[in-house]
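Student: Curious how this folds, go ahead:
(one chain, ligands or ions: 1)
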Amino acid sequence: MENYHFKVNLKGMIDLLSNHLYSTPHVFVRELIQNSVDAITAREKHLNDPKYKGQIDIEIHPGEDHPTLFIQDNGIGLTEDEVHQFLAQIGQTSKRNADGGEDFIGRFGVGLLSCFIVSDEIVFVTRSIQSDYGIEWRGKPDGTYTLNKLKDRVEPGTRVYLKSKTGFDTYFEQKSVAKWVRHYGEYLPYPLYFHDQNRIQLNSRQAPWEMNTTEALAYGKSVLQQDYLDAIALESALGDVKGIAYLLPYPVQVNARQKHRVYAKNMLLSDHMDKLLPEWAFFATSILNVNGLSLTVSRESFHDDARLELVRTDLGNCIKNYLIQLVEANPKRLQEIIQIHYKSIKALATTDDALFQLFINWLPFETTLGRITMSEVRKNHTKVYYTTSVDEFRQINKIARAQGICVINGGYVHDSDLIEKMQWIDPTLITEKISPTMITQKFNDLVPSERQTTYTFIKLANEILQPYFCKAVIKKFEPHHLPVLYTTSEEALYLRTTTQTAEEVSPLFSSIMQKITENQVHTETAQLCFNYHNPIVQKLINTTDNQLQKSTIEMLYVQALLLGHYPLKQEEMNLLNEGLTQLVDRGLNQEENK
Ligand SMILES: Nc1ncnc2c1ncn2[C@@H]1O[C@H](COP(=O)(O)OP(=O)(O)OP(=O)(O)O)[C@@H](O)[C@H]1O
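Tutor: As a prediction, this is how the structure comes out:
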């Protein structure tokens, strides 16, 4: 058996790393600045000389055909050997195992290749602080390079020259480069100068994570152009993270994940990173400076590992603690936040007992008595009912209100869980699930004589409603003005929705829907309950006009469906159309006969 060696297609490899790793060509600016920052950090560490001041200078020369970018630093530089070792070997880096390696931003040994996205040659002039001569290295994307020992004296440090390749001149425009340098480097600890007619320092600002909340809010307004509800200081010792969380001044979808602006060792990595705050914190966006988490090669996200999970929890705790201290310190602010973000606070309270206890009284619920907070519910009621679906709540809303029963709509996500958890903090409050069928069972029955006079009417109503799998009954209930109440079970509602959908969709999808429902027996689980107290129902029972009686029953049935926001099936739409036509016709005939 013979041993062979893998071979690397260098050109393909360079193409892969330079053209397919990063989301935008602008990252070459970031990678060059990052190398200069690391070189200055390395020199600081090596010399330990307080008089040494690192500095980075950037300039654009228009050139005759294409513009050239120069970036210069007075960092540690490279010796001739190091040039062969680190510049000429992909994946080699001087930073990974170096003393103080955790202080560097780079660690993969590929970042410089991003320059080949915009240029056909990297010219790298360098002199190490340990060497007395400079080196000029020229690298090409086909994997070849040349190396020259410089005769002229150069200062220790590195200068990189990049000439734009055809089609990429716009990435070298002065304005555009200055913009991206500021974008990535505005909070770097070493002065970053841009030279056009004048020398401008692009990074003199105080970083947001060093600001107090008042300053951070002012920054939010002027720079991020958003008037945030509040700013919260974030910190995680584990991930060496500092930052600011901003509370959004508008409600957001429960499952929306906010994008975060993230810096590593003060250099911007991305302004749309996600997964840095816990999922429940979707009402906050943040600016973070991260020093102790592992970056992916593109430097545009972090490894989603156990450490990140712990950092997320740390940052989440900062937000929780802030909310907790608001209860005492600033209840008005808390109310403001709850009004906008109650959905996320509810999500939090279902799983976190401490937060549940703190916030439950402040949280609003939809009830038959309007939208009120849990503390208002508790003030006036020792027993509360709740439905487990929005549809059920809709069905019984009016009836329960007329009867003064407090029913909470537990159909919205988390609400039932929170109501069920109430017993835990207040054993005196009785909570009970209620369904439309249960509420109709509380209605008063007719006395035998009333039952007799309504017998034929109910028989007719049953015949009319039988094709719609609906049973007719008559009872006495409040409010008087409601002629009928349509109630149905969850299963019947499911069947109704699938049948109605099947009618609307393409034949193929429709036959799939039919297959789903064909094994489910239509039982008479829906019920139309006539209100004996209602004047129209009384007239309807006593009328001798059979045709009018029939179409009014049909119309009341459709009206009850509409009031309950149920989707109408085709045959019910037909009922509505025919019924209306008949009534209009009848009205016009009466007019004619006058
Ligand atoms: N301005 C510079 N001064 C000194 N050395 C530099 C400079 N730029 C690059 N180097 C050397 O070249 C090596 C390769 O740089 P490159 O940007 O490709 O990778 P890296 O910075 O080590 O890691 P990463 O891929 O994470 O950026 C560096 O490790 C460093 O030794």
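Student: What residues does the stretch 151-300 of the chain have near the ligand?
Tutor: Counting by Cβ under 6 Å from any ligand atom, the stretch 151-300 of the chain comes close to the ligand at residue 158. Heads up, the C-betas are built off the backbone N, CA and C, glycines and all.
Student: Where does pLDDT dip in the stretch 151-300 of the chain?
Tutor: Residue ranges of the stretch 151-300 of the chain with pLDDT under 70: 254.
Student: Do a quick rundown of the helices in it.
Tutor: 174-185, 213-222 (DSSP state H, counting those that start in this stretch).
Student: what's the burial count for residue 586?
Tutor: Residue 586: 14 surrounding residues under other Cβ atoms under 10 Å.
Student: Do you have the strands of the stretch 301-450 of the chain handy? List them.
Tutor: Taking DSSP state E, counting those that start in this stretch, the strands of the stretch 301-450 of the chain run over residues 364-367, 370-373, 383-387, 407-409, 430-433.
Student: what mean pLDDT does the longest one have?
Tutor: Translated: strand 383-387. Averaging pLDDT along strand 383-387 gives 92.
Student: So which bits of it are buried?
Tutor: Neighbour counts over strand 383-387 (16 or more other Cβ atoms under 10 Å) mark 384-387 as buried.
Student: quick one: contacts for residue 162?
Tutor: Contacts for residue 162 (Cβ atoms under 8 Å, 6 or more residues apart in numbering) come out as 28, 32, 68-69, 115, 118-119, 121-123, 172.
Student: The residues you listed in helices, which ones?
Tutor: Members of the contacts of residue 162 lying in helices (criterion: DSSP state H): 28, 32.
Student: I'd like to know which of the contacts of residue 162 are buried.
Tutor: 28, 32, 68-69, 115, 118-119, 122-123, 172.
Student: closest point of the stretch 151-300 of the chain to the ligand, which residue?
Tutor: Nearest residue of the stretch 151-300 of the chain to the ligand (Cβ to the nearest ligand atom) works out as residue 158 at 3.7 Å.
Student: before we move on, back to that, mind checking which of the contacts of residue 162 are in strands?
Tutor: Among the contacts of residue 162, the members falling in strands are 68-69, 119, 121-123 (criterion: DSSP state E).
Student: Could I get the contacting residues of the residue lying closest to residue 303 once chain neighbours are set aside?
Tutor: Using Cβ to Cβ, 6 or more residues apart in numbering and skipping the chain neighbours, the partner closest in space to residue 303 is residue 294 (4.5 Å). By Cβ under 8 Å, 6+ apart, the contact set of residue 294 is 302-303, 305, 307.
Student: picking that back up, what is the nearest of the contacts of residue 162 to the ligand?
Tutor: Closest to the ligand, out of all of the contacts of residue 162 and judged by Cβ to the nearest ligand atom, is residue 32, at 7.5 Å.
Student: Surely the closest one and residue 158 touch.
Tutor: No. Taking contacts as Cβ atoms under 8 Å, residue 32 lies outside contact range of residue 158: 9.9 Å.
Student: ok, and what's touching the helix or strand hosting residue 578?
Tutor: Following DSSP states H and E, one finds residue 578 within helix 570-593. Defining contact as Cβ under 8 Å, 6+ apart, one finds that helix 570-593 is touched by 467-468, 503, 547-548, 551, 554-555, 557-558, 561, 568.
Student: Buried residues, it. List them.
Tutor: Buried residues in helix 570-593, counted by 16+ other Cβ under 10 Å: 572, 575-576, 579, 582.
Student: and if you look at stretch 215-224?
Tutor: Neighbour-count burial for stretch 215-224 flags 216-217, 219-220 (criterion: 16+ other Cβ under 10 Å).
Student: Give me the neighbour count for residue 457.
Tutor: As a burial measure, residue 457 scores 19 neighbours (other Cβ under 10 Å).
Student: returning to that earlier point: which ChimeraX command selects the buried ones in the contacts of residue 294?
Tutor: Filtering the contacts of residue 294 down to the buried ones (16+ other Cβ under 10 Å) takes a single ChimeraX command:
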select :302,307
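Student: Just put the contacts of residue 294 in a markdown table and tack on distance to the ligand.
Tutor: Formatted as a markdown table, the contacts of residue 294 follow (distance: Cβ to the nearest ligand atom, whole Å):
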| residue | distance to the ligand |
| --- | --- |
| 302 | 14 |
| 303 | 14 |
| 305 | 18 |
| 307 | 19 |
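Student: want to throw the contacts of residue 294 into JSON lines with pLDDT?
Tutor: As requested, the contacts of residue 294 are arranged in JSON lines below (pLDDT from 0 to 100):
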{"residue": "302", "pLDDT": "88"}
{"residue": "303", "pLDDT": "89"}
{"residue": "305", "pLDDT": "90"}
{"residue": "307", "pLDDT": "93"}
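Student: separation between the nearest residue to residue 408 once chain neighbours are set aside and residue 427?
Tutor: Take residue 408 and drop its neighbours on the chain: the residue closest to it by Cβ to Cβ, 6+ apart is residue 386, 4.2 Å away. Separation of residue 386 from residue 427 (Cβ to Cβ, to the nearest Å): 17 Å.
Student: Send me the host helix or strand of residue 11 as CSV with only the CA atoms.
Tutor: Element membership for residue 11 (DSSP H and E) is helix 10-20. What follows is helix 10-20, C-alpha atoms only, in CSV (Å, rounded to 0.1, in the frame of the first residue of the first chain):
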residue,chain,number,x,y,z
LEU,A,10,-4.4,27.0,-4.3
LYS,A,11,-6.2,29.1,-6.8
GLY,A,12,-9.5,27.5,-6.0
MET,A,13,-8.8,27.8,-2.3
ILE,A,14,-8.0,31.5,-2.5
ASP,A,15,-11.1,32.1,-4.7
LEU,A,16,-13.3,30.2,-2.1
LEU,A,17,-11.9,32.1,0.9
SER,A,18,-11.8,35.5,-0.8
ASN,A,19,-15.0,35.5,-2.8
HIS,A,20,-17.4,33.2,-0.9
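Student: Show me what from the stretch 351-500 of the chain comes close to the ligand.
Tutor: Counting by Cβ under 6 Å from any ligand atom, the stretch 351-500 of the chain has no residue next to the ligand.
Student: where does the stretch 351-500 of the chain dip in pLDDT?
Tutor: Across the stretch 351-500 of the chain, residues meeting the criterion (pLDDT under 70) sit at 490-500.
Student: Pick the one among the buried residues of helix 570-593 closest to the ligand.
Tutor: For those, the residue nearest the ligand by Cβ to the nearest ligand atom is residue 572; the value is 65.6 Å.
Student: can you pull the pLDDT of the closest one?
Tutor: Residue 572 carries a pLDDT value of 89.
Student: where's it relative to residue 483, distance?
Tutor: Relative to residue 483, and taking Cβ to Cβ, residue 572 is found at 17 Å.
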